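[1] generate a structure from the sequence data that follows.
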Amino acid sequence: MVVDAPPDVLQLAGHPVRWRLLRELAGSDRRVGELCDLTGQRQSLVSYHLGRLRRRGMVATRRSIADGRDTYYLLDLPRCRELFVDAGASLHPGLAAGADRPAAGRRHARARVLFLCTGNSARSQMAEALAAHLSDGALRPASAGSHPKPLHPLAVRVMRARGIDIAHRRSKHLSAFGGERFDYVVTLCDRVREVCPEFPGAPVLVHWSVPDPAREPGDDAAVLAAFERTANELTTRTRFLMEAIDAKH
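    Predicted coordinates for the structure are as follows:
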């Protein structure tokens, strides 16, 4: 009797250490030292398992803009969803039917979310606008920066192309929210993560290592393309954050 092997993604993710790494990265981008502390495993073992996950496309890396010697590991959630949905469909076709259930008409959980980056001129402003838009107003987002700068015109442009007007928004210093309570605080910049203050109420801390599109080298077209990539990534990450908030609340 021939027994079919389970899909390789299930074998890969089924290892206890790799599953723990996936779970940790599902919540926040992390450096390898942090993953060692969280899993209680030595660095050589964590690096080995991260390498396995990277080769399958489930995990990616980005060089830290706060310290170029550091690397952040991040979970490619769309790729993971694709792999796990395919694995489910290989067991039974019905398991693929609800994988991309429409969001229209859904009631999202209410939560206060603060998005932080350095200048509050692009990434955090875009994330704030997307969170309000994609949740149909259920989320109550805000944004700020450690060194505020005027809103970048390309942030306004790419958001307007998505039907969202942020031209009237102003940049704010993170100290403006120092005494306020949030359910989630999301840092989108490696530098601001290092100076993020403590907020009352012990909010859930999430880090997204998102490059600053305004620092993209090249001509105007290259910078615009970087802003488009940032908008796309923030859209994806915000949708997954909403799913996590809905599941928790």
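[2] helices or strands next to the least confident helix or strand in the chain by mean pLDDT in the packing?
    Least confident element among the helices and strands of the chain, by mean pLDDT, DSSP states H and E: helix 77-91 (a mean of 91). When contacts are defined as 3 or more CB pairs under 8 Å, 6 or more residues apart in numbering; DSSP states H and E, helix 77-91 packs onto helix 8-13, helix 220-248. To be clear about C-beta, it is placed using only N, CA and C from the backbone, and glycine gets the same treatment.
[3] tabulate those helices (a markdown table), appending mean pLDDT and distance to Val32.
    Putting these into a markdown table (pLDDT from 0 to 100; distance: least, CB to CB, whole Å) gives the following:
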| stretch | mean pLDDT | distance to Val32 |
| --- | --- | --- |
| helix 8-13 | 94 | 19 |
| helix 220-248 | 94 | 21 |
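[4] save the ones you listed as a markdown table, and put in distance to Arg42 and mean neighbour count too.
    Output for the helices and strands packed on helix 77-91, formatted as a markdown table (distance: least, CB to CB, whole Å; neighbours: other CB atoms under 10 Å):
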| stretch | distance to Arg42 | mean neighbour count |
| --- | --- | --- |
| helix 8-13 | 20 | 16 |
| helix 220-248 | 29 | 17 |
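[5] as a markdown table, these with distance to Ile65 would be great.
    Listed next are those as a markdown table, based on distance: least, CB to CB, whole Å:
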| stretch | distance to Ile65 |
| --- | --- |
| helix 8-13 | 30 |
| helix 220-248 | 13 |
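[6] which stretches in the chain count as helices?
    For the chain, the helices defined by DSSP state H cover 8-13, 16-27, 32-39, 43-55, 77-91, 123-134, 153-160, 190-195, 220-248.
[7] which one of the helices and strands packed on helix 77-91 lies nearest to Thr39?
    Closest to Thr39 of the helices and strands packed on helix 77-91 is helix 8-13 (CB to CB; 14.7 Å).
[8] what packs against the closest one?
    Partner elements for helix 8-13 (3+ CB pairs under 8 Å, 6+ apart): helix 16-27, helix 77-91.
[9] can you list those helices in CSV and add mean neighbour count and distance to Arg191?
    Output for those, formatted as CSV (neighbours: other CB atoms under 10 Å; distance: least, CB to CB, whole Å):
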stretch, mean neighbour count, distance to Arg191
helix 16-27, 17, 21
helix 77-91, 16, 24
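[10] reformat those as a markdown table; add distance to Cys36.
    Putting the helices and strands packed on helix 8-13 into a markdown table (distance: least, CB to CB, whole Å) gives the following:
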| stretch | distance to Cys36 |
| --- | --- |
| helix 16-27 | 10 |
| helix 77-91 | 22 |
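[11] nearest to Asp8, out of those?
    From the helices and strands packed on helix 8-13, taking CB to CB, the stretch that ends up closest is helix 77-91, at 8.8 Å.
[12] neighbouring contacts of that closest one?
    With CB atoms under 8 Å, 6 or more residues apart in numbering as the test, helix 77-91 has contacts from 6-7, 9-10, 13, 22, 26, 56-58, 95-96, 99, 236-237, 240.
[13] that helix to helix 16-27, inter-axis angle?
    130 degrees (axes from the mean of the first three to the mean of the last three CA atoms, to 10 degrees).
[14] tell me the angle of helix 77-91 relative to helix 43-55?
    For helix 77-91 against helix 43-55, the angle by the same axes, to 10 degrees is 70 degrees.
[15] ok so, going back, to Ala66, which of the helices and strands packed on helix 77-91 lies closest?
    Among the helices and strands packed on helix 77-91, helix 220-248 comes nearest to Ala66, with 17.7 Å by CB to CB.
[16] and the closest one, how far from the chain's centre?
    The chain centroid and the centroid of helix 220-248 are separated by 7 Å under CA atoms, centre = their mean, to the nearest Å.
[17] other SSEs contacting that helix?
    Using 3+ CB pairs under 8 Å, 6+ apart, helix 220-248 sits against helix 77-91, helix 123-134, helix 153-160, strand 184-187.
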